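Trainee: Attaching a predicted model along with its sequence, questions to come.
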Amino acid sequence: MIDPHLFAMFMAGAVALNLTPGPDMAFVLAQSASGGARRGIAAALGIGVGALFHMMLAAFGLTALFAAWPLAFDIVRYAGAAYLVWIAIGMIRDPPHLRPAAREASAWTAFRRGVLTNVMNPKVAMFFIAYLPQFVSPHAGPTWAQILILGLAFDLSGTLVNSAVAFGGGRLADRMRRNPTLGRAMGWLSGGVMGALALRLAWPIRR
């Protein structure tokens with residue numbers, strides 16, 4: 001069973017990331033702003049399905065690597081911490097901006113585009129590989145099972161956030177464009193959470 005403390009930390013970072021405007025949220029907003037909530041939700045579901053590909057890669061590819069080369073776990077852990085620091089700096093220095101509405105398309109097209117946009121994004125693969133293994137405990141069961149559970153929790157959180165965003169349509173996008181202070185504040189908040197997680201991952205608490 002995954003350590004509740006580690007899982008709570010994981011979800012704190014996951015929710016912070018999912019609430020931060022980025023390419024996924026921008027895509028959902030673009031679809032809902034130009035075609036309504038139905039198309040926005042279809043895009044959110046497509047993004048969620050696409051994330052399953054990266055989750056499976058992280059679960060089974062990394063499990064085999066750790067078994068063959070135990071030192072790889074520490075290498076991935078430190079690389080992941082460095083990556084989170086990089087994300088934090090980017091959030092603070094340059095908070096993501098929302099893109100304008102995309103052209104008209106059907107809900108099915110929005111879903112397919114959501115899947116492809118996520119699967120073909122190397123940054124998503126980097127994030128899953130760097131982030132998920134940091135919260136795996138050697139005493140909590142098979143590594144692949146823990147990564148799958150964490151990945152599903154992250155994916156569900158992101159899909160729920162993006163679906164909620166779809167209902168908001170273009171109103172949130174308009175507010176962010178009119179009030180850049182809101183975007184900067186969100187960047188500082190999310191960047192601070194990522195920085196704290198990076199420190200925790202680089203210097204784990206010994207039990």
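Mentor: Happy to help now that I have it.
Trainee: Show me what the longest helix anywhere in the chain is packed against.
Mentor: Across the chain, the longest stretch assigned as helix under DSSP state H is helix 143-168. For helix 143-168, the elements it packs on are helix 4-19, helix 23-35, helix 37-56, helix 62-68, judged by 3 or more CB pairs under 8 Å, 6 or more residues apart in numbering; DSSP states H and E. (Each C-beta comes from the backbone N, C-alpha and C, glycine too.)
Trainee: Nearest to T159, out of these?
Mentor: The closest of those to T159 is helix 37-56. By CB to CB, the value is 3.8 Å.
Trainee: Now do that closest one, average pLDDT.
Mentor: Helix 37-56 carries an average pLDDT of 89.
Trainee: Report the angle between it and helix 143-168.
Mentor: Here helix 37-56 runs at an angle of 170 degrees relative to helix 143-168 (axes from the mean of the first three to the mean of the last three CA atoms, to 10 degrees).
Trainee: list the contacts for A82?
Mentor: Listed by CB atoms under 8 Å, 6 or more residues apart in numbering, the contact partners of A82 are A198.
Trainee: sec struct for it, please.
Mentor: Secondary structure, DSSP: H, G, I helix; E, B strand; the rest coil: A82 is helix.
Trainee: Give me the distance between it and V124.
Mentor: Using CB to CB, to the nearest Å, we find A82 at a distance of 18 Å from V124.
Trainee: Same question for the longest helix of the chain: list its buried residues.
Mentor: 143-144, 146-151, 153-155, 157-159, 161-163, 165-166, 168 (16 or more other CB atoms under 10 Å).
Trainee: So in the chain, where's the weakest helix or strand by average pLDDT?
Mentor: Confidence across the helices and strands of the chain bottoms out at helix 170-178, with a mean of 60, counting by mean pLDDT, DSSP states H and E.
Trainee: Helix, strand, or coil at G141?
Mentor: coil.
Trainee: What's the local residue count around it?
Mentor: Per other CB atoms under 10 Å, the neighbour tally for G141 reads 13.
Trainee: hmm, back to that, can you put the helices and strands packed on helix 143-168 in JSON lines and add distance to A198?
Mentor: Compiled in JSON lines, those are given as follows (distance: least, CB to CB, whole Å):
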{"stretch": "helix 4-19", "distance to A198": "10"}
{"stretch": "helix 23-35", "distance to A198": "22"}
{"stretch": "helix 37-56", "distance to A198": "20"}
{"stretch": "helix 62-68", "distance to A198": "19"}
